[in-house]
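A.B. asks: Fold the following and give me the result.
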Amino acid sequence: MKKLSFLCLIALMLFSLACRDDHNCWDGKNLLLNIKGTINGEDFTLNQNFANNEGDLVDYTLVKFYLSNISLIKDDFTEVDVTDVILHDFNFEGTHDFKIPAGTYKALKVGIGLSPELNDMDPSVFEADHPMSFNQNTYWTWNTQYKFVMLEGNLNRDGEEKTFSYHTGTDTLFRSIELPKIFTLYDDQRTQLDLNIDFDRVYQNINMFEENFTHTSPATFNLSYKLTQNFRAAVE
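C.D. replies: Here you go, the predicted structure:
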C-alpha cells in the first residue's frame with residue numbers, strides 16, 4: 001500500500017512538471033486574447049526609445065488601460081459575452097484567456113475605458129486582485145471615477161527633456177468599437193486572437209512636447225478628447 005502511494009506521488013510530481021514545462025495541462029479555456037503593441041513597424045515595449053511623429057525620442061514607462069463589455073459576434077449576428085472588464089498593463093504578460101462557446105465568429109466588440117455603469121462602481125467593493133479594486137491605482141478620488149487610459153514616459157527633443165503624463169477618463173470619453181475578426185473556436189483546443197495597439201496613431205495631431213499633460217480636468221479636456229479619439233483608432 002505504501003509502495004502504491006509512493007508511486008502515485010511520483011506520478012503526480014511528474015504530471016505537475018509536465019504541465020509547467022510543456023504546457024500540457026490545458027484548463028479548457030479556448031480563447032486566448034493576446035494584447036500587443038506596434039510602433040514604427042516594431043514590437044512595442046516599455047522603457048525603450050522610439051521616435052514619434054514629431055521626431056522626438058519617446059520612452060514609455062507606463063501604458064495601462066481598461067477594456068470593458070467585451071463580446072464576440074457570431075456569423076448569425078448573435079452576441080456572446082467574453083468578460084466585463086480587463087485592465088491591461090504592458091508591464092505584464094499580454095494574454096487573457098476565456099472559455100467561450102465553440103463556433104465561427106466574425107467580429108470582436110470592445111469598450112475602451114469603462115462603461116458608465118462600471119465607471120460608477122465603488123472600488124472598495126472589489127477583492128484586492130480585481131481589475132477595478134483600489135489596489136490597481138486607477139481610481140480618481142477627486143473625481144470619484146476611474147482612469148481609462150494611462151500613458152506616461154519621457155521625451156527628448158534635440159537634447160531637451162520632458163516627461164509626459166496622459167490619464168483619460170469620465171463617461172463622455174468611453175468608446176465602443178467593433179473590429180472584424182474572422183476565426184473559429186473549438187471546444188478541445190485554444191485559439192489565439194490578437195488585439196494590437198498601433199502607437200503611431202495614438203499621438204496623431206498632438207505635439208507631445210508642447211501638449212505633455214492631461215488628467216482630464218476641464219483645463220486639459222480637449223487634449224484628453226484627442227487622445228481618446230486617437231487611441232480608439234489605434235486599436236486594431
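A.B. asks: what residue ranges in this protein score low on pLDDT?
C.D. replies: Counting by pLDDT under 70, the chain contains low-confidence ranges at 1-26.
A.B. asks: For it, which segments count as helices?
C.D. replies: Taking DSSP state H to define them, one finds helices in the chain at 2-22, 116-119, 199-202, 221-234.
A.B. asks: CA atoms only for the third one, dumped as CSV, please.
C.D. replies: Same thing as helix 199-202. C-alpha atoms of helix 199-202 as CSV (Å, rounded to 0.1, in the frame of the first residue of the first chain):
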residue,chain,number,x,y,z
PHE,A,199,1.1,53.6,-31.2
ASP,A,200,1.9,55.5,-34.3
ARG,A,201,-1.8,56.6,-34.3
VAL,A,202,-2.1,57.4,-30.6
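A.B. asks: how long is stretch 127-137 end to end?
C.D. replies: Distance across stretch 127-137, first residue to last, is 14 Å (CA to CA, to the nearest Å).
A.B. asks: Which residues does that stretch contact?
C.D. replies: For stretch 127-137, contacts defined as CB atoms under 8 Å, 6 or more residues apart in numbering pick out Tyr66, Val85, Ile86, Leu87, Leu114, Leu118, Met121, Pro123, Ser124, Phe126, Thr138, Tyr146. C-beta coordinates here come from the backbone N, C-alpha and C atoms, glycine included.
A.B. asks: any idea which residue sits dead centre in the chain?
C.D. replies: Ranked by distance to the mean C-alpha position of the chain (CA atoms, centre = their mean), the top residue is His88 at 3.2 Å.
A.B. asks: Which strand residues bridge that one?
C.D. replies: Listed beta-bridge partners, His88: Phe65 (assigned using DSSP bridges).
A.B. asks: ditto for the one 10 residues further on
C.D. replies: Under DSSP bridges, the beta-bridge partners of Phe98 are Leu31.
A.B. asks: pretty sure it is touching Ser71, no?
C.D. replies: No - assessed by CB atoms under 8 Å, Phe98 is found out of contact with Ser71, at 11.0 Å.
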